[in-house]
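K.L.:
Predicted structure and sequence below. I'll ask about it afterward.
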Amino acid sequence: MSLVKKSTTAAVFSLLVSVVVLTLKTKAYYATNSVAVLSDALETVVNVITAIIALYAVKLAAEPADENHPYGHGKMEYFSAAFEGGMIFFAALSILYQAIKSFFFVSNIQNLSSGFIYLGAATLLNLVTGIFLIYSGKINRSEALKASGKHILTDVMTTLGVGVGLVLVSLTGIRWIDSFVGLMMGVWLGFEAYKILRHNSGALLDETDLAALKNISQVIEKNRTLGIVDIHHLRMIRSGNFHHIDAHMVVPFFWDVEKAHSVAHEFELNVVKDYHCDGEFAFHMDPCQQLYCKVCALPECPVRKQAFVAERAFTKDHLIKGPRYTV
């Protein structure tokens, strides 16, 4: 099964489970009349909406590049995940409103045993689904699935919090505990929404991905080839699972175009093969200068002016900066 089909299957599964969980939590609310349970159910409404959006995003992101989208449609996954973060934020505001209001209008909590059964079933379903989506997102390299999985695991934590609150209400008879739990849920969800929005808005703006940059530096170092004297000014555009990377490559100035292209092309194939995402390279060729002699390991150089000392390391910090003539 292709990555696209696997991602789509995972998104459909997430949607179906979200509908079932929403049904269970709605039943739990009508059984208990708990504000905290209502807050939890409101969050699950967001889960259903975002599951639909994630399904659409996964399908659209898989579309190939075209004239209007030369880098493909992969950024749709970041947009989907960022939208999900926004939905979670508004759910948090709604939960905070309901919780604060309930401090002044205390609800009559009832039938807790039925509520525990419904919430327990919903929590178990969400736990399995959240772990599955995060795993699928990593395997299929889908930001939309990973964001949905993290959101659902957050839902698990809030449902557990609701359960603890109901237990305390049952043991102590203090009903405002239910409102306090709802308030804490709203704050927690707001914080989680910020993290999702921060990560995916950064991806939409092509913010440097330090993990991806570290990986590409390791792969470049692993596949370094004689004649590739230096690589610098490396830049990356992330489009979902596809990364476009451009950089300046320094090669011996006496190489002809055919030789330079052949070496660069083979180097690119090896790097892309070892890189953790699909991608392509675009190299701007720079001719070497005398200052590079100390870091050039080419054994038979007819124009060498200085003795070779050591090759420069292709670390992530050095790759994104300008040319460097020392080790």
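P.N.:
Sure, I can see it.

K.L.:
the helices in the stretch 1-150 of the chain, which residues?
P.N.:
Ranges of helices in the stretch 1-150 of the chain, per DSSP state H, counting those that start in this stretch, are 3-32, 35-61, 75-104, 112-140, 143-172.

K.L.:
Out of these, flag the one nearest Ala247.
P.N.:
Of all these, helix 75-104 sits nearest to Ala247, with 21.2 Å by C-beta to C-beta. Glycine gets a C-beta too; all of them are placed from N, C-alpha and C.

K.L.:
Give the buried residues for the closest one.
P.N.:
Across helix 75-104, burial judged by 16 or more other C-beta atoms under 10 Å covers 75-89, 91-92, 94-96, 98-99, 102.

K.L.:
Over to stretch 51-68?
P.N.:
Of all the residues in stretch 51-68, those buried under the rule 16+ other C-beta under 10 Å are 51, 53-55, 57-58, 60-62.

K.L.:
which one of those sits closest to Ser136?
P.N.:
When the buried residues of stretch 51-68 are compared against Ser136 (criterion: C-beta to C-beta), the nearest one is Val58, at 10.1 Å.

K.L.:
I'd like the distance between that closest one and Gly120.
P.N.:
Remark: distance between Val58 and Gly120 (C-beta to C-beta, to the nearest Å) = 30 Å.

K.L.:
ok, back up a step: would you point out the most distant pair within the buried residues of stretch 51-68?
P.N.:
Maximum pairwise distance among the buried residues of stretch 51-68 (C-beta to C-beta): 17.3 Å, between Ala51 and Ala62.

K.L.:
what about the protein, any weak spots by pLDDT?
P.N.:
Applying pLDDT under 70 to the chain flags the ranges 1-4, 105-107, 324-327.

K.L.:
what residues go with each domain of it?
P.N.:
Structural domains annotated on the chain: 3-204, 210-319, as defined by automatic domain parsing.

K.L.:
Identify, out of the ones you listed, the most deeply packed stretch.
P.N.:
domain 3-204 (a mean of 20; mean count of other C-beta atoms under 10 Å).

K.L.:
Tell me the secondary structure at the closest residue in space to Arg224 that isn't next to it in sequence.
P.N.:
Computed as C-beta to C-beta, 6 or more residues apart in numbering, the closest residue to Arg224 that is not its neighbour in sequence is Phe314, at 6.6 Å. Following DSSP: H, G, I helix; E, B strand; the rest coil, the label given to Phe314 is coil.

K.L.:
next one: phi and psi at Phe314?
P.N.:
phi -90, psi 70 (degrees, to the nearest 10).

K.L.:
Repeat that for Asp278.
P.N.:
The phi/psi pair for Asp278 (degrees, to the nearest 10) reads phi -70, psi 150.

K.L.:
Enumerate the beta-bridge partners assigned to it.
P.N.:
Beta bridges link Asp278 to Phe242 when assigned by DSSP bridges.

K.L.:
Just confirm it contacts His244, I think it does.
P.N.:
No. With contact defined as C-beta atoms under 8 Å, Asp278 does not reach His244; the gap is 10.2 Å.

K.L.:
Pull up the gap between Asp209 and Leu234, please.
P.N.:
12 Å.

K.L.:
Between the buried residues of stretch 51-68, which sits nearest Ile152?
P.N.:
The closest of the buried residues of stretch 51-68 to Ile152 turns out to be Ala51 (C-beta to C-beta; 9.0 Å).
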